[in-house]
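Undergrad: can't give you the sequence, but here's the structure:
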């Protein structure tokens, strides 16, 4: 049983800040909180996570990465530290340089990061019914299995995550919370549900936030539909460009389905953060978006990837349609 490997060990976990990433923390805390000596975790908005806490890593016995992977430069530093390292990830771009990490790298592009990590920790154990459903909903949402009978609930579960973030503190506080602090309430509520409930349910507060999220999604979709731009890249691929500050993946997916005869892929400028240079790329799976994101220093999945422009002039030129990504 793999849990024995964590007994009385000091563990550091790095994960992404989306539903898949945050649920890895829930899984880690459920299985490891009372088993290991200590569990320290950090959530990161960017997959290259520049603020990695190397002091915590130096003090840890086991270092875990979930729903993201250390960069090649980080890999070299980690290997020189002679630490036990576990990577549970499903991004093909990382697989290219981590594939030789035998017995410590768990890659599977048919499961989300949470599902990979959960299956690893729960192997041979009796499953918690509520936690098991939360993991499955996360897997359905992150892999975009919109044909699933549980798709609607998976969306609502994702909406509940963002409903628990204190957005006033995030936007207006002189001391805004870290990515980890932003999601602590959701993590604790998920743990409480897993430990005390027989069925997964949404609280009245969550139901209210879910309805608000649905309204925002509808409004954002209508705004994007009004200002969508259709373009052709340098290789003759048809694509669309929109800017959106919320529900980027959902809006892009809805528009891709509506205009599937007109576009091969869609590019989205995420305008939530001021001065954002972040570009998301989406397709319905018929176009590999990573062939674009990797050129610009990003990565992700075949149907969903992203990158940050490092050159402001090139970013401005792309937004204005003067240049293309391919």
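TA: Great, that's in hand. In this text the structure is predicted, and so the values were computed from the model without any measurement.

Undergrad: can you give me the helices in this protein?
TA: Secondary structure of the chain (DSSP state H): helices located at 19-32, 54-59, 72-80, 92-98, 113-122, 129-142, 151-163, 167-172, 179-182, 184-196, 204-227, 248-258, 290-293, 312-319.

Undergrad: Make TSV out of those helices and add mean pLDDT and mean neighbour count.
TA: C-beta: built from backbone N, CA, C; applies to glycine. Shown next, in TSV, are the helices of the chain (pLDDT from 0 to 100; neighbours: other Cβ atoms under 10 Å):
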stretch	mean pLDDT	mean neighbour count
helix 19-32	97	25
helix 54-59	89	14
helix 72-80	83	13
helix 92-98	78	17
helix 113-122	96	24
helix 129-142	97	22
helix 151-163	96	20
helix 167-172	83	10
helix 179-182	93	18
helix 184-196	97	17
helix 204-227	94	14
helix 248-258	90	19
helix 290-293	93	20
helix 312-319	95	15
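
Undergrad: Pipe those into TSV and attach distance to residue 38 per row.
TA: Below are the helices of the chain laid out as TSV (distance: least, Cβ to Cβ, whole Å):
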stretch	distance to residue 38
helix 19-32	10
helix 54-59	9
helix 72-80	19
helix 92-98	26
helix 113-122	17
helix 129-142	22
helix 151-163	25
helix 167-172	27
helix 179-182	15
helix 184-196	16
helix 204-227	30
helix 248-258	35
helix 290-293	36
helix 312-319	42
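
Undergrad: of all those helices, which lies closest to residue 326?
TA: helix 290-293 (5.8 Å; Cβ to Cβ).

Undergrad: quick one: the closest one to chain centroid distance?
TA: For helix 290-293, the separation from the chain centroid amounts to 17 Å (computed by Cα atoms, centre = their mean, to the nearest Å).

Undergrad: for stretch 159-170, same thing?
TA: How far stretch 159-170 lies from its chain's middle: 16 Å, per Cα atoms, centre = their mean.

Undergrad: separation between the closest residue to residue 97 other than its chain neighbours and residue 301?
TA: Nearest residue to residue 97, sequence neighbours excluded (Cβ to Cβ, 6 or more residues apart in numbering): residue 72, at 5.2 Å. As judged by Cβ to Cβ, to the nearest Å, residue 72 and residue 301 stand 19 Å apart.

Undergrad: Kindly provide the distance from residue 136 to residue 92.
TA: Residue 136 is 23 Å from residue 92, by Cβ to Cβ.

Undergrad: whoops, residue 296 was the one
TA: Look at residue 296 and residue 92: by Cβ to Cβ, they are 16 Å apart.

Undergrad: before we move on, what about residue 221?
TA: According to Cβ to Cβ, residue 221 stands 29 Å off from residue 92.

Undergrad: Same question for residue 132.
TA: Applying Cβ to Cβ, the value for residue 132 to residue 92 is 27 Å.
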